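Asker: Sequence and predicted structure below; questions after.
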Amino acid sequence: MPFRTGLFRESVGMALSSLRVHKLRSALTVLGVIIGITSLVGMVSLVQGLNRSMAKQIRSLGTSVIYVRKHEPGVFVGEMPESLRHRKDFTVEDAAAIQTLCPSVAAAVPLCYDMATLKYKNSETKLAEILGSDPGYLEIHELGVSAGRCFTEQEVLHKADVCLLGQDLLETLFPGSVALGHWVLIGGKRFLVVGELEKRGRFLGQSQDNYVITPHSTLKKRFGSEIQTFIDAKPVSIEMTDQAIDEITDLLRRRRGIPANGVSDFGVFTEDVLMDLYHKITGTFYIVMIAISSIALMVGGVGVTNIMFVSVTERTREIGLRMAVGARRSDVLIQFLTEAVVLTATGGAIGIGLGVGVGWLVEKVAHIPSAAPVWALLLGFAFSSAVGLFFGIYPAFKAAKLDPVTALRYE
């Protein structure tokens, strides 16, 4: 064992010495390894950063919000299937039934959307999202009112022309002044501002403050009764989320007359489903990343094999001399394998540094979050070392099989 340890140290020292002597040759040899590991670590850093950011932003939509939609989120190639596009709409009565008949549900509200520009005097906003709902929408999505109030149930019942404005709209229409009590035009219709919503920040690079909330009854009265209705709900507690989903699903199936063996024509899900969908999408990036890295590592491995053959040829007399003074064939094998691994591991270390640097640079320039997990750094180093081990085996065996007498006579 002491001899083996000493041999390993000697092999590492000789490999490092070879790197110093043949800097350019070594750099060109491991260029493919460097490119492969850089792309691997860089892409993992960006995807992991996006994953963390996505999880944080999805949680900001509301803790354990239950979304009731015509279908669950998914990626469709081409047009959405006919069976999904023409599913039955939800109603305000569906939301009321969920609120009343599902014990695990703390709140359930109808929700409808439209888009319009807002005007006040000479100021006009860009296209904004108009949300129609009940006062409970703020509770479900944990939204705060920074000034004024939310509209009341009576205002919903009487289809009052009242609204709450997001911060982006307030900054555009009422810079440096109070919006409460003023009438604004939403899509050409007059609405009284009764509340100012707290700032929410950004989601996936898009502002979450470019929106208006108004009673759902008012939205349909002003912008068309054909606007689709959805439902948002909140469980009594996070622990009761699954039970609440089951209760909502069972209730809606009965209200829609779906038989026991029939397939539900709606989706009930939480933000976890959105996160799962995101992970499926980013999984494609991982596959592409691995493919690109594998090609680059393969090229680097071929370069390692070639340079190791050159090294064996250059050091044939040295190999013969080592065997003549007692070195075994296994010692020669270990020596050249160690040199190959050290060569590619050095390229891997450089690639790891460059990959982390690429992630940092993209974050600073493009504001895309990055995070280099420890497992990715270890994986990159392991991959680069494995390339040296795999592609260095054949040249090392060739060196170990040299006849000492023939090797000593080599010129």
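Answerer: Done, it's in.
Asker: Going by C-alpha atoms from here, please, whenever you check contacts or count neighbours.
Answerer: Fine.
Asker: where along the stretch 251-400 of the chain do the helices fall?
Answerer: Per DSSP state H, counting those that start in this stretch, the stretch 251-400 of the chain carries helices over the ranges 271-314, 316-324, 329-366, 374-400.
Asker: Going by mean pLDDT, which of those comes out lowest?
Answerer: Note on the helices of the stretch 251-400 of the chain: lowest mean pLDDT is at helix 316-324, with a mean of 72.
Asker: Can you list the buried residues in it?
Answerer: 316, 317, 318, 319, 320, 321, 322, 323 (16 or more other Cα atoms under 10 Å).
Asker: between it and helix 271-314, how many degrees?
Answerer: Note on geometry: by axes from the mean of the first three to the mean of the last three Cα atoms, to 10 degrees, helix 316-324 and helix 271-314 are set 90 degrees apart in direction.
Asker: quick one: helix 316-324 to helix 374-400, angle?
Answerer: Computed by the same axes, to 10 degrees, the angle separating helix 316-324 from helix 374-400 equals 80 degrees.
Asker: so what does helix 316-324 touch, helix or strand wise?
Answerer: helix 404-409 (3 or more Cα pairs under 8 Å, 6 or more residues apart in numbering; DSSP states H and E).
Asker: Report the mean confidence score over the helix it packs on.
Answerer: Computed over helix 404-409, the mean pLDDT rounds to 60.
Asker: now stretch 98-113
Answerer: Stretch 98-113 shows an average pLDDT of 95 in the prediction.
Asker: okay, the helices of the stretch 251-400 of the chain, which one's buried deepest?
Answerer: Sort those by mean neighbour count, taking mean count of other Cα atoms under 10 Å, and helix 329-366 sits at the top with a mean of 22.
Asker: Tell me the helices and strands packed up against that helix.
Answerer: Using 3+ Cα pairs under 8 Å, 6+ apart, the elements in contact with helix 329-366 are helix 2-21, helix 31-59, helix 271-314, helix 374-400.
Asker: Recalculate using a threshold of 7 Å.
Answerer: The helices and strands touching helix 329-366, judged by 3 or more Cα pairs under 7 Å, 6 or more residues apart in numbering; DSSP states H and E, are helix 2-21, helix 31-59, helix 374-400.
Asker: Present the helices of the stretch 251-400 of the chain as JSON lines; the columns should include distance to residue 23.
Answerer: Below are the helices of the stretch 251-400 of the chain laid out as JSON lines (distance: least, Cα to Cα, whole Å):
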{"stretch": "helix 271-314", "distance to residue 23": "13"}
{"stretch": "helix 316-324", "distance to residue 23": "21"}
{"stretch": "helix 329-366", "distance to residue 23": "11"}
{"stretch": "helix 374-400", "distance to residue 23": "17"}
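Asker: Now do the residue nearest the centre of the chain against residue 368, distance only.
Answerer: In the chain, the centroid-proximal residue (Cα atoms, centre = their mean) is residue 51; its distance is 3.2 Å. The spacing between residue 51 and residue 368, counted by Cα to Cα, to the nearest Å, is 11 Å.
Asker: How about residue 53?
Answerer: From residue 53 across to residue 368, the span is 9 Å (Cα to Cα).
Asker: And residue 223, by the same measure?
Answerer: In terms of Cα to Cα, residue 223 sits 37 Å off from residue 368.
Asker: what does residue 272 give?
Answerer: Distance from residue 272 to residue 368, by Cα to Cα: 22 Å.
Asker: Can I get the helices and strands packed on helix 329-366 in a markdown table including distance to residue 210?
Answerer: Shown next, in a markdown table, are those (distance: least, Cα to Cα, whole Å):
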| stretch | distance to residue 210 |
| --- | --- |
| helix 2-21 | 58 |
| helix 31-59 | 16 |
| helix 374-400 | 38 |
